[in-house]
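J.: Sequence first, predicted coordinates after that:
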Amino acid sequence: MGQLSNLDIANECDNFPYYTDDEDLYKAALKDYYQFRVEGCESCLGYITSSVATKMPLTKDWNLDQNKKHLTFQPRTHHGEPVKDFEGRNKILAEYLQDVREKKVFRVLNGWRNELYPIYGPNKTLLLNMERSATPLFGVVTYGVHMTGYVKTPEGMKIWAPRRALTKQTYPGMMDNTVAGGLSTGEMPFECLVRECEEEASLPADVVQSAQACGTLTYFHVRDARAGGETGLCQPECQYIYDLELPADVIPKPGDDEAIDFQLLTVDEVREAIANGKFKPNCAHLLLEFFVRHGILTAENEPHYIDIVSKFHRKLEFPMP
């Protein structure tokens with residue numbers, strides 16, 4: 001495989017078709033998906049591949065409409081009455097997903113995390129909590145934090161980049177942002193960042209306090225084999241972005257089994273690794289955004305500058321908080 005251009009990198013992460021780019025391609029893609037819905041909510045909450053939707057074990061709590069291509073979660077009591085309260089819905093969903101996991105219906109559930117991710121409806125309403133590993137099955141929006149830790153040296157800026165453990169189910173052995181993690185239900189972004197910095201990089205809270213919030217990155221990714229489990233699953237995401245300038249004597253170290261090690265790389269080394277496909281797709285995408293903000297990637301040195309920058313803030317077609 002030849003080297004990837006910066007536009008290739010942006011397109012690899014944000015790879016669900018755009019209606020405005022190719023209407024026919026967009027409509028053709030949608031034909032392969034069912035809409036994930038919750039009874040009582042008029043909004044589509046995510047896209048489910050047809051192969052997943054038709055393989056999903058149906059109980060009284062689910063309705064598969066093959067004409068409308070809707071898979072609707074309709075939780076019921078033992079007496080068949082609708083369950084409308086938040087905790088009741090969550091309990092039924094959790095028990096259902098645990099059962100599906102135990103039956104080994106979907107490979108993606110082999111990465112069960114015991115972490116709950118939020119699913120929002122219209123008007124920022126929290127509709128459901130869902131086991132993290134199940135979210136790609138339903139194609140719902142997930143949220144996380146990504147931080148780039150860098151050092152200013154006499155030779156120029158250098159960036160701390162970890163290598164993912166070879167035992168990870170998703171993207172084993174690939175390179176990551178300095179620290180990244182998923183946002184659980186009820187967790188605030190900076191709170192999540194502090195926790196992840198300690199767990200993944202052994203960075204204490206007093207060091208992380210100086211991290212700068214730099215907005216969000218949104219994209220709509222369709223998973224390939226590197227992500228583990230079934231392919232073609234939808235993963236629309238919103239990442240809260242942080243930068244952290246680290247002193248030269250502060251060295252990140254793996255605090256758990258997530259990373260093999262951390263490498264301090266020059267900007268050119270990072271760009272070469274990105275071009276050679278060594279970074280996890282969304283991490284490479286985020287580093288492009290970092291390079292734009294720091295004046296490394298500019299309209300003068302990147303012919304596809306506008307196209308690339310426009311892919312940092314995709315408007316997702318699902319309710320968000």
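T.: Everything's here; your move.
J.: Please name the nearest non-neighbouring residue to G228.
T.: Q169 (4.1 Å; C-beta to C-beta, 6 or more residues apart in numbering). In this view, the C-beta of every residue, glycine as well, is placed from N, C-alpha and C.
J.: surely the one you found meets W112?
T.: No - assessed by C-beta atoms under 8 Å, Q169 is found out of contact with W112, at 9.8 Å.
J.: What distance do you get for the residue nearest to R271 when sequence neighbours are not counted to S310?
T.: Leaving aside its chain neighbours, R271 sits nearest to F291 (7.7 Å; criterion: C-beta to C-beta, 6+ apart). Applying C-beta to C-beta, to the nearest Å, the value for F291 to S310 is 15 Å.
J.: Spell out the residue ranges of the helices in the stretch 1-150 of the chain.
T.: Secondary structure of the stretch 1-150 of the chain by DSSP state H, counting those that start in this stretch: the helices cover 6-13, 23-30, 50-53, 86-102, 135-138.
J.: Output the ones you listed in JSON lines; the columns should cover distance to V194, mean neighbour count and mean pLDDT.
T.: Formatted as JSON lines, these follow (distance: least, C-beta to C-beta, whole Å; neighbours: other C-beta atoms under 10 Å; pLDDT from 0 to 100):
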{"stretch": "helix 6-13", "distance to V194": "26", "mean neighbour count": "20", "mean pLDDT": "98"}
{"stretch": "helix 23-30", "distance to V194": "38", "mean neighbour count": "12", "mean pLDDT": "92"}
{"stretch": "helix 50-53", "distance to V194": "35", "mean neighbour count": "18", "mean pLDDT": "97"}
{"stretch": "helix 86-102", "distance to V194": "26", "mean neighbour count": "15", "mean pLDDT": "98"}
{"stretch": "helix 135-138", "distance to V194": "23", "mean neighbour count": "26", "mean pLDDT": "98"}
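J.: of the ones you listed, which approaches L287 most closely?
T.: helix 6-13 (8.6 Å; C-beta to C-beta).
J.: Could I get the CA-only coordinates of the closest one as CSV?
T.: Output in CSV follows, covering the C-alpha atoms of helix 6-13 (Å, rounded to 0.1, in the frame of the first residue of the first chain):
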residue,chain,number,x,y,z
ASN,A,6,-4.0,13.9,4.3
LEU,A,7,-7.3,13.8,2.4
ASP,A,8,-7.1,10.0,2.4
ILE,A,9,-6.7,10.0,6.1
ALA,A,10,-9.7,12.3,6.6
ASN,A,11,-11.8,10.2,4.3
GLU,A,12,-10.8,7.0,6.0
CYS,A,13,-12.2,8.2,9.3
